[in-house]
Structures are given as C-alpha cells and as structure tokens.
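J.: Got a sequence here, can you model it:
(2 chains)
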Amino acid sequence: MTSLLMRSIKFLVGLGFVGVLLIALWGTISGLIREGTPQTAEQALHEHPKELHLPSNGPFGKFDLAQLQRGFKVYEKVCAQCHSLNLVSFRELAGLGYNEAEIKKIAKDWPVKQPVFDNKAGTWGERDNTPADRFPKVYYAANGTPPDLSLITKARHDGAAYVYSLMVGYTEKPDAEGAKKFPEALKSPEGLHFNKYFANLHLAMPAPLTDAQIDTVKYTDGTPTTVDQMAQDVSAFLVWTAEPTMQQRHRFGVAVLIFLIFATILGYGAYRNVWRGMKH
Amino acid sequence: MSFPWAKHYEPKHPLMQWIDSRLPLPRFVYNAIGGGYPVPRNLNYFWNFGVLAGVALVIQIVTGIVLAMHFHSSAAEAFNSVNVGIMRDVNAGWFLRFAHANGASMFFIVVYIHMFRGLYYGSYKAPREMVWLLGVVIFLLMMATAFMGYVLPWGQMSFWGAQVITGFFSAIPVVGDWIRVWLLGGYAPDDAALNRFFSLHYLLPFVIAGVIILHIWALHIPGSSNPTGVEVKGEQDTVPFHPYYTAKDGFGVGIFLIFFTALVFFYPDALGHPDNYIPANPLSTPAHIVPEWYFWPFYAILRAFTADFILPAKLWGVLAMFGSILILFFLPWLDKSPVRSANYRPVYRTLFWVLMVDVLVLGYCGGSPADPAYIIASQLASAYYFAHFLIILPIVSRLERPRPLPGSITEAVLGTTKTA
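T.: Take a look at the predicted model:
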C-alpha cells in the first residue's frame, strides 16, 4: 500500500500542477473572451524610435569628434538649462578633443557652480568648477523631473535613436488611424506636451530644439545649424557621455578577437595533431 | 578509483618526487585531469561544456574580486561606484565590469548546454546520480549568486528584482512577511539588503567551487559517460584525459572566448536591461519588471499560476517555480529506462526535443510583458514541463522499446561488430 502510494506520488504531484495550470488557463481564456484585448491609446499611438545613423553605431563604430563637440555645444546651450550630466567630469572633455586650457575655461565659465560648505561661517557658498569636478547638479523648480543625461542613451531601448526621435518628434503627425481611434489621447493635459516617441505620449518637457535655438547654438564649423542636425549631434554626444571608452573598447575588441582566432586555429591544429590515428 | 589500466603518476624531476612523496598534490591533479584519468574515446563536443563552465567560474571569480576592490556596497553610492568609478575612473574598469556582467550570461549558457547534454545522454542515471544531484546543487547556488550580483549595481532592475524575488518568501503562509523582512533586514531593499547580498555574492562562488570539487570527485568514481551510454569495457575504449581531452578542451575554450569577446567588446549591453542604467528609485516602479534572461523560463512558470485554487495563486507560482528545479533532483528515479543515450531511445529522443522547445517557449514568455497571449502560452508550456517529468517520462521510460545498443564504445566508433 505504502509502496503504491510512493510510486504514484509523482503522478499526483504532476497532475496537481497540471490541474491548477488548466484551471488558471481556463480563467485566462474566459477573461480574454469576456473582455478581449482592447487596444490602448499607447499601443495605437506610441512609436519606436526612427533610424539614426551615427558614426558610433555598430560593433566597430567610431566617434566623430567634430560632431561630439557640436553635440556638447547643444547640451551646453540648451539641455543644460534643466538636465544635469552628473556622472561626467569636465576633465573627460579631453575625449572630445579639447585641450587642457579649453577644458579649464569651459569648467570655469560653467554657469552652475559647485556648492561648498563654509566651515567657519556654517553656510553654503559656491565656487567655480575645475576640470576635476563632475558637471554640477541642476536644480529645477518647474513641472517635471528632468533626468540626468549621463547614461540616458544606455537607459532607454535604442537610446541614441530615441533621443533623436524625441527631439524631432514634437512636430511630427501622429499615426492617422490611431488618432482617429483615440482623439482624446492627442490632447495633452495641462503642462504636458504630445510626442509619439514618448512611452506615455505626453511629457513635461516642451520641444527643446526649435528654430528659436538656432541662433543660441550656432555652429562655427560650417555645419548648417538645423533642428534635425542639432538633434543628431546631441544624440551622438550623449552616446559619448554614456560610455566615453566605447571607441577604445571597439579597438581592443578587434585586437583581442584577432589574437583569439589565431590562438584557436592553433588550438584546433594541436587537437587534430594529438588525436591523429585515434578514431573517435 | 576508475580503471585498472589508468596510468600511474611517476614524477621524473627530483623536485616533483620530493613534493609528491610529502604532499601528493601533483598525483592528485594527474589522476583528476591528467594522464591518469582514462576517458571514453568517443566524447563529442557537448562534453566540452563542463570544462567551459569551470573556465567561466574562474573568469567570474577573478573579475569579481577586482571589481569588489572598487565597489561601494551602500545604497547611496553603489550606482555611482559602478557607473562612474568602475566604468570611467578605474583603468580598464569598463572591461572588468562588462566581462563580469556578460561572464554571468556565458556561465549560464554553457551550464544550460551542459545540463541539456546530461538530459539527452542520460548522464544522470546510475551509477552517476550523485554527479547529477551535485550539479543541480551547483545550479541552485549559481542562481542565488547571479540574482544577488544583479542587485549590486543598484539600478532600477536591481532594486525591483530584489523586491520581486524576496517577495516570493512573503507567499509563505503566516510567517511569510516576517521572513521577508528578516531576509531583507528591512521592509524594502536598502543598505542592509545590499550589504548582505554583497557579502553572500562574494561567498557563494567559493561554495560553488567547493561543490564542483565534489561534482568532479563523484564523476571520477564511475568515470565519464559517453554518447553511446555504453559503459567502458576495456582499455581500447578509453584515452588518457591528457593530452587527448586537454587538447580538445583547449580548442573548446578558444571558441568559448571568441563568443565571450564578441559580447564584451562589441555588444556589452545586449543581454542587459536598459532600466538598470537608471538609479534605483523606490518610488517609481518600472513598466515591466523582468529578470535576466537566464531566469526567464522560471519567471514564466511563476506568472503562469493566475488562479487561486485552495492556495493563493502567488503561492502556487512560487511552489511551482522552485518545484520546476527541485524535480531535477528526482530525475534519476523518474526515468526508469536502463538505456542512457537518447540516440537509442526513439520516443525519449522526441520528448527531449519537445521539452527543449517547451523551455525555449517558457523563456520567450518569461521575457515578454504579461499580456494574455503570453500568459496562455506560459500556462500551456508550464503544464507540459511538469507533465514531461512527472507523468510522461515515468510511463514512457517503462514502455519504450530501445534500439539495439552497440557492443562497446570501440565497436560504435569503428563501426564494426568485431571488437579490438
């Protein structure tokens, strides 16, 4: 009797799990029939980022330093009003091709200063930034919480293309069919702005790059200062801030791969040599 | 141990003689992975993966120890110590970090292949049950280690992953919430949890290394299995581990490192989740909380239980998820067939491939959002998973008529009925 019980216990456990799963399955299917899967406004209107071709794309991508400098200028003149870059140090700007004197000047002139605590007076004051400092935090009083941009292109799916699409997406028309189906979803709540590339469709940030910024940014390297160009350049810059060592990583990778392929071919030869005459 | 024709260690150099007569460590190594361990001559490439798992563990320990030198295990500093300190300021820190994060994935890839090899070729059967059982212990330890390691960078998925996984314990009736608070050292993951996870994440790999020694010791009692599943009958069936399999494993390690390199240097974030580049924020729940890819099949099983039937759905899910791994401990006794290799078991072979597809479906569903379509697929696939091990396999293994086995390994290799 006990041995029969022991022998059938696996079937009982198995049937238990399968049975509960079938009950759950019944629940899921009947729920589906009752309610269906109604499409949400986000599903109908939210769009994946547009394609963006940057020189840093792909496994062997390289940075275009001129573009990164332009992108930094866009960040400095526009984004930095609200968004910090708190994981990046001024000294790292050497990676964009700036020399020591230039970096010192950029740090010194940076409008947001480093907070310092005066031990004698017991009060907070501020001082100029130095190349050793990280970009200071930006305090923002208005609606919304602007995220730090240091890692933004890594913190979103297809990040560089996402940033670019978001920048240029404010003026783009929503999907016609979705718009007809969810006309309410196009109306932004007070203080928010519609953008089909944003997951919730409405965000607190107003279009940051418009024709009004063209004079503020004004490229000096001959590249035409257009909204689309600025959006591309700032995306490229934010790819750099997220991983300044990316180009180095690609370069090392090629060397390591060449070495390993060579070593593995030798390893294969050694394997064949050792096993010669041994059928297996 | 093992076979009478195993070569004996004879140190030639006086220094080695001196050491060997006082501490027979060279002899031990020689008998374990040297010329003193006879191995079936017909092992295919799937037998490389045990060694590869060992290599992956060593890579994890070496990169992990150096990373720990630069990591701050505090909720306030962990994220920046990884994303500023290690990624930007430590020389080649980005390499260590990406090697460690992708090393975990590589470790799981090779271990999953190693386990499926064991399933296909019946490596868990007598007299190798203990090898299999210790392997399942290693797998459980790996899962715990990987989970705690993923919490350390203190990104959004770290935090919410810790929240979800420790939440399993609150499914235990009566004392569940109390246990969860005790495990976390608080009501939500914070400094206390982060510090203990760091401590245990550093400890467990060495426990894994210890269990691996037992795993290999248990393996060396009967010796390695082989693709025919026929036991070694004589000296002509085996070759010494060194140089035969050291050479073959050397080639295997090369291929492994090529894949590893491609991930680390060219696609380091491909297997990670973007949300983990956002600092942990207890006030903002990510839209989709998903674990790392190697937990997806188990996550799908967890989410498949949506009905309160006697027990709450959550408890069913947690029981089933742990049960889906614990079943593996009973596998040697659930499969009654005396034949090991699926090559000679036509029905089991089909079942193996169905199970393989089933686990891939579970994995796909586990990584997808909890939409009804994926839940339905998870429910069907989970039901099949349990049915495979607990109902179908015990019955099929009794009724199945295996194909004739070769007389010996050598016969199978040479393709003749005359044994040498």
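J.: drop to CA atoms for contacts and neighbour counts, all remaining ones
T.: Will do.
J.: For the stretch 151-300 of chain B, which residues are neighbours of chain A?
T.: B:243-244, B:247-248, B:250-251, B:254-255, B:257-258, B:261-262, B:265-267, B:274-278 (C-alpha under 8 Å from any C-alpha of the partner chain).
J.: switch to 7 Å and redo it
T.: For the stretch 151-300 of chain B, the residues found near chain A under the criterion C-alpha under 7 Å from any C-alpha of the partner chain are B:243-244, B:247-248, B:250-251, B:254-255, B:258, B:261, B:265-266, B:274-278.
J.: Just the ones in helices from the residues you listed, please.
T.: Counted as lying in helices by DSSP state H, out of these, are B:247, B:248, B:250, B:251, B:254, B:255, B:258, B:261.
J.: now the residues you listed in JSON lines, with pLDDT and neighbour count?
T.: Output for these, formatted as JSON lines (pLDDT from 0 to 100; neighbours: other C-alpha atoms under 10 Å in any protein chain shown):
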{"residue": "B:247", "pLDDT": "97", "neighbour count": "21"}
{"residue": "B:248", "pLDDT": "97", "neighbour count": "24"}
{"residue": "B:250", "pLDDT": "97", "neighbour count": "21"}
{"residue": "B:251", "pLDDT": "98", "neighbour count": "22"}
{"residue": "B:254", "pLDDT": "98", "neighbour count": "21"}
{"residue": "B:255", "pLDDT": "98", "neighbour count": "19"}
{"residue": "B:258", "pLDDT": "98", "neighbour count": "19"}
{"residue": "B:261", "pLDDT": "97", "neighbour count": "22"}
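J.: and which of these is nearest residue B:201?
T.: Within the set of those, residue B:261 lies nearest residue B:201; the separation is 24.2 Å, counting by C-alpha to C-alpha.
J.: ok, residue B:299 to residue A:29 distance?
T.: Separation of residue B:299 from residue A:29 (C-alpha to C-alpha, to the nearest Å): 20 Å.
J.: So if I had to pick from these two, which one is more boxed in?
T.: When residue B:299 is set against residue A:29 and neighbours are counted by other C-alpha atoms under 10 Å in any protein chain shown, the residue ahead is residue B:299, at 23 against 17.
J.: That one and residue B:365 touch, don't they?
T.: No: counting by C-alpha atoms under 7 Å, residue B:365 is not a contact partner of residue B:299; they are 8.6 Å apart.
J.: Following the chain onward from the longest helix seen in chain A, which element is next?
T.: Among the segments of chain A that qualify as a helix by DSSP H, the longest is helix A:2-35. Next helix or strand after helix A:2-35 toward the C-terminus (DSSP states H and E): helix A:41-45.
J.: who does whichever helix or strand comes after that next one touch, helix- and strand-wise?
T.: Per DSSP H and E, the first helix or strand lying C-terminal to helix A:41-45 is helix A:65-77. With contacts defined as 3 or more C-alpha pairs under 7 Å, 6 or more residues apart in numbering or on different chains; DSSP states H and E, the packing partners of helix A:65-77 are helix A:214-217, helix A:227-242.
J.: what comes up buried for the last one?
T.: So that's helix A:227-242. Judged by neighbour count (16 or more other C-alpha atoms under 10 Å in any protein chain shown), helix A:227-242 contains these buried residues: A:227, A:229-242.
J.: which other helices and strands contact the next helix or strand after it?
T.: Proceeding N to C from helix A:227-242, the next assigned helix or strand is helix A:246-275, under DSSP H and E. For helix A:246-275, the contact count by 3+ C-alpha pairs under 7 Å, 6+ apart identifies helix B:246-261 as packing neighbours.
J.: which outside residues touch the helix it packs on?
T.: The contact list for helix B:246-261 (C-alpha atoms under 7 Å, 6 or more residues apart in numbering or on different chains) reads A:253, A:257, A:260, A:264, A:267, A:268, A:270, A:271, B:48, B:52, B:106.
J.: show me the contacts for the second one.
T.: Contacts here follow C-alpha under 7 Å, 6+ apart; on that basis residue A:257 touches B:258, B:261.
J.: Ignoring the adjacent residues along the chain, who's closest to the closest residue to chain A within the stretch 1-150 of chain B?
T.: For the stretch 1-150 of chain B, the residue positioned closest to chain A under C-alpha to the nearest C-alpha is residue B:42, at a distance of 4.8 Å. Spatially, and ignoring its direct neighbours in sequence, residue B:42 is nearest to residue A:280 (4.8 Å; C-alpha to C-alpha, 6 or more residues apart in numbering or on different chains).
J.: cool, residue A:199 as well?
T.: Setting aside the residues directly before and after it, residue A:199 is nearest to residue A:46 in space (C-alpha to C-alpha, 6+ apart), at 6.2 Å.
J.: Burial check on the residue of the stretch 151-300 of chain B found nearest chain A, number of neighbours?
T.: With distances taken as C-alpha to the nearest C-alpha, the stretch 151-300 of chain B approaches chain A most closely at residue B:274, which sits 4.3 Å away. Other residues lying near residue B:274 total 21 when counted by other C-alpha under 10 Å.
J.: so what pLDDT did it get?
T.: Among the per-residue scores, residue B:274 shows a pLDDT of 96.
J.: With residue B:327 instead?
T.: pLDDT, residue B:327: 96.
J.: State the distance from residue B:138 to residue B:161.
T.: As it turns out, when the distance is counted by C-alpha to C-alpha, residue B:138 lies 22 Å from residue B:161.
J.: again, but for residue A:164
T.: Residue A:164 sits 30 Å away from residue B:161, going by C-alpha to C-alpha.
J.: Those two - which one has more neighbours?
T.: When residue A:164 and residue B:161 are compared for neighbours, residue A:164 comes out ahead with 24 against 21, by other C-alpha under 10 Å.
J.: tell me how far the longest helix of chain A is from the chain's mean position?
T.: Here helix A:2-35 is found 43 Å from its chain centre; the criterion is C-alpha atoms, centre = their mean, to the nearest Å.
J.: Look up the closest residue to the most centrally placed residue in chain A, ignoring the ones flanking it.
T.: Centroid-nearest residue in chain A, with C-alpha atoms, centre = their mean: residue A:153, separated by 2.1 Å. Computed as C-alpha to C-alpha, 6+ apart, the closest residue to residue A:153 that is not its neighbour in sequence is residue A:159, at 3.8 Å.
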